[in-house]
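Enquirer: Model the following, please.
(one chain, ligands or ions: 2)
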Amino acid sequence: MAVEHPRPFPPDDPDCELCEAARFTHWYDETDHGWIADCEVCSVPMAVWWHHGTDPAEEVREALLSSLGAAADARFGPGNWEFDTTMRQVPSHFHAHARDRHWWNLRFSRPISLHTGVGGERRTAAGVGDSS
Ligand SMILES: [Zn+2]
Ligand SMILES: [Zn+2]
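Expert: Ligands and ions are numbered 1, 2, ... in the order given. This next block holds a predicted model:
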C-alpha cells in the first residue's frame, strides 16, 4: 500500500509546472526519485523527476522508467505501449510518457482521471475502473 507523503523538498523552480507536482490526476506511484501520474494533456501515464533539470543520473532515470513501465503495464497491458522520452511540454524538466497506440486519437475523449491518493484504483470522472 503506497503511503502518501509530502514531496521531499521544496520545488527547485517555483515557476515550473512539473516542479509544482500538482496532485490533480491519478498518481500511480511516488518514489524517492519522482512521481508517476496521468499527464493532464495526453491522459497517459507519465514519470516526472522530483528535480528540475534534464539529466538525472542513469540509475535514477532507469528507476523512473521502471516505475512508469509498471504503471503502463497495469493500465494498458504489457506490450501495448511504449516509452516516449521526448520532452515537448516542459523541455527543461525530465519526464517521460508511456503511450499506448491510441493515445493520439483518444487524448481529448478519454475522461480525465481523478487524484485519489497514490496508488490504488484509477478513477475517472466517468466512473471507477475505466480501462481506457
Ligand atoms: Zn503528456
Ligand atoms: Zn521543474
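Enquirer: Okay, helices next: where are they in the chain?
Expert: Using DSSP state H, the helices of the chain run over residues 17-20, 58-76, 103-106.
Enquirer: The ones you listed: which one's closest to Pro11?
Expert: For the helices of the chain, the distance to Pro11 is smallest for helix 17-20, at 3.7 Å, taking Cβ to Cβ. C-beta here means a position set from N, CA and C on the backbone, and glycine is covered the same way.
Enquirer: can you tell if that closest one touches ligand 1?
Expert: No - on the criterion Cβ under 5 Å from the ion, helix 17-20 is out of touch with ligand 1, staying 10.8 Å away.
Enquirer: For that helix, C-alpha coordinates in PDB please.
Expert: Extracted C-alpha coordinates of helix 17-20, given in PDB (Å, rounded to 0.1, in the frame of the first residue of the first chain):
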ATOM      1  CA  GLU A  17       4.600  23.100 -13.600                       C
ATOM      2  CA  LEU A  18       6.400  19.800 -13.200                       C
ATOM      3  CA  CYS A  19       8.300  21.000 -10.100                       C
ATOM      4  CA  GLU A  20       4.900  22.000  -8.700                       C
END
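Enquirer: List of residues touching that helix?
Expert: Helix 17-20 is contacted from outside by Pro11, Asp12, Asp13, Pro14, Val48, His52, Val90, His93, His95, using Cβ atoms under 8 Å, 6 or more residues apart in numbering.
Enquirer: Where does pLDDT dip in the protein?
Expert: For the chain, the stretches with pLDDT under 70 are 1-8, 127-132.
Enquirer: Which residues of this protein lie near ligand 2?
Expert: Asp13, Cys16, Leu18, Cys19, His52, His93.
Enquirer: most surrounded residue in those residues?
Expert: Tallying neighbours with other Cβ atoms under 10 Å puts Leu18 at the head of those, with 24 neighbours.
Enquirer: Skipping adjacent residues, who's closest to that residue in space?
Expert: Leaving aside its chain neighbours, Leu18 sits nearest to His93 (4.2 Å; criterion: Cβ to Cβ, 6 or more residues apart in numbering).
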